[in-house]
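S.K.: okay, predicted coordinates and the sequence, questions at the end:
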Amino acid sequence: MNTELTFELKSICFDETYHPADSTRLTTNFANLARGASRQQNLRNTLRMIDKRFNDLAHWDNPEGDRYAVELEIISVEMYLNGKSCDASFPLIEILKPSILDKATNKYIDGIAGNSFSSYVRDYDFSVLLPEYNLQRTEFKTPENFGDLHGKLFQEFVHSDVYQQRFHKQPVICISASTSKTYQQTGNQHPVLGTEYQQSELSSTDQYFAKMGMKVRFFMPPNSVAPFAFYFHGDLLNDYTNLELIGTIATMETFQKIYRPEIYNANSAAGKFYQPSLKHQDYSLTQIVYDREERSQLAVKQGKFTEEHFIKPYQHVLQQWAAEFAI
């Protein structure tokens, strides 16, 4: 019997009243902020930072710096093996979808789906499979076919009717540049993405995203202090409008200032040659509470959850599906 994957989308607004869903990965950027005594202040300050950064970048015809407001939607992707009537369902990934309110016209502008990228299977790959594989090794390596299943699952979703009906453009994921690599300015400049950097070599994350069908480019937007990794299909510079790109930058730069202030809230900007470091001391903290150590511990727990409830029970079914996979 051929294995068929189907997808269902669920969404919830990321606003001051947001509470994480039961199926949400607790390491997810937005879920981590929405817990504890400071949850509402965290959310309010985060949303304010996103709006301010958006208006800073979208400065044309915006003399007061308050023309636009960003609204964020958390999209959860539930995957079913062989139809919704069976029990084999799993919370596959979560992404963010910005919508931009232009208060001058009172109209909404679609942002780009993607932004943050959360995946239980990726937790399994990086927090369970990879450490176990390297346990007895003196030199760090990745297993053969590392990331293949995850990449195929992601591509199946992006090419599905469910995705195409909900989103009009391919996703763009924006994350931190790798601390293990060095970056050099290329001289290429974009009005919104800013200064382009070239990486010394591909990181394991770059190779992982390549199996998702995504290429990577590195840009430091105007008034940012470090380059970001932008993962995309197609043509990053020409497939998206300036306002769409600004929505992604404003959202993800805000999260990175909170989570990696040593890099993205540093007090001096990256130069022509740059290597990110979490040991950097000259940086400022945001007024937003975040527990980075807890986040890394949860990634292991969630990776083991994936192994127990998805990888092992459906190993043969998934292997058969992956062997027959074709886009």
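M.R.: All right, it came through fine. Numbers count the residues shown, from 1 in each chain.

S.K.: any idea how far the residue most central in space within the chain is from residue 81?
M.R.: Among the residues of the chain, the one closest to the centroid is residue 116, at 2.3 Å (Cα atoms, centre = their mean). Using Cβ to Cβ, to the nearest Å, residue 116 is found at 26 Å from residue 81. The C-beta positions use only the backbone N, C-alpha and C, and glycine is treated the same way.

S.K.: how deep is residue 173 tucked in, by neighbour count?
M.R.: Residue 173 is flanked by 22 other residues according to other Cβ atoms under 10 Å.

S.K.: quick one: secondary structure of it?
M.R.: strand (DSSP: H, G, I helix; E, B strand; the rest coil).

S.K.: ok, now which ones touch it?
M.R.: When the contact criterion is Cβ atoms under 8 Å, 6 or more residues apart in numbering, the partners of residue 173 are 95, 114, 115, 116, 117, 209, 214, 230, 231, 232.

S.K.: can you pull the pLDDT of it?
M.R.: Looking at residue 173, its pLDDT reads 97.

S.K.: that one bridge partners, please.
M.R.: residue 115, residue 231 (DSSP bridges).

S.K.: give me the element residue 90 is part of.
M.R.: strand 89-102 (DSSP states H and E).

S.K.: hey, C-alpha coordinates of the next helix or strand after that strand in CSV?
M.R.: For strand 89-102, the following helix or strand on the C-terminal side (DSSP H and E) is strand 107-110. Taking only C-alpha atoms (Å, rounded to 0.1, in the frame of the first residue of the first chain), the coordinates of strand 107-110 have been written out as CSV:
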residue,chain,number,x,y,z
LYS,A,107,-5.6,47.8,4.1
TYR,A,108,-3.6,44.6,4.9
ILE,A,109,-0.5,43.5,3.1
ASP,A,110,0.4,39.8,3.1
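
S.K.: return the set of buried residues in strand 107-110.
M.R.: Buried residues in strand 107-110, counted by 16 or more other Cβ atoms under 10 Å: 109, 110.

S.K.: partner strands of it and their direction?
M.R.: Sheet pairing for strand 107-110, using DSSP bridges, gives strand 89-102 (antiparallel).

S.K.: show me which positions of the strand it pairs with end up buried.
M.R.: Buried-residue list, strand 89-102, by 16+ other Cβ under 10 Å: 89-98, 100-102.

S.K.: same check, this time on stretch 43-52
M.R.: 43, 45, 46, 47, 49, 50, 51.

S.K.: ditto for stretch 147-163
M.R.: In stretch 147-163, counting by 16+ other Cβ under 10 Å, buried: 147, 149-158, 160, 163.

S.K.: ok so, going back, using a markdown table, please lay out the contacts of residue 173 together with pLDDT and distance to residue 39.
M.R.: Putting these into a markdown table (pLDDT from 0 to 100; distance: Cβ to Cβ, whole Å) gives the following:
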| residue | pLDDT | distance to residue 39 |
| --- | --- | --- |
| 95 | 92 | 22 |
| 114 | 95 | 25 |
| 115 | 93 | 21 |
| 116 | 88 | 18 |
| 117 | 88 | 23 |
| 209 | 97 | 31 |
| 214 | 98 | 32 |
| 230 | 98 | 30 |
| 231 | 98 | 29 |
| 232 | 98 | 32 |
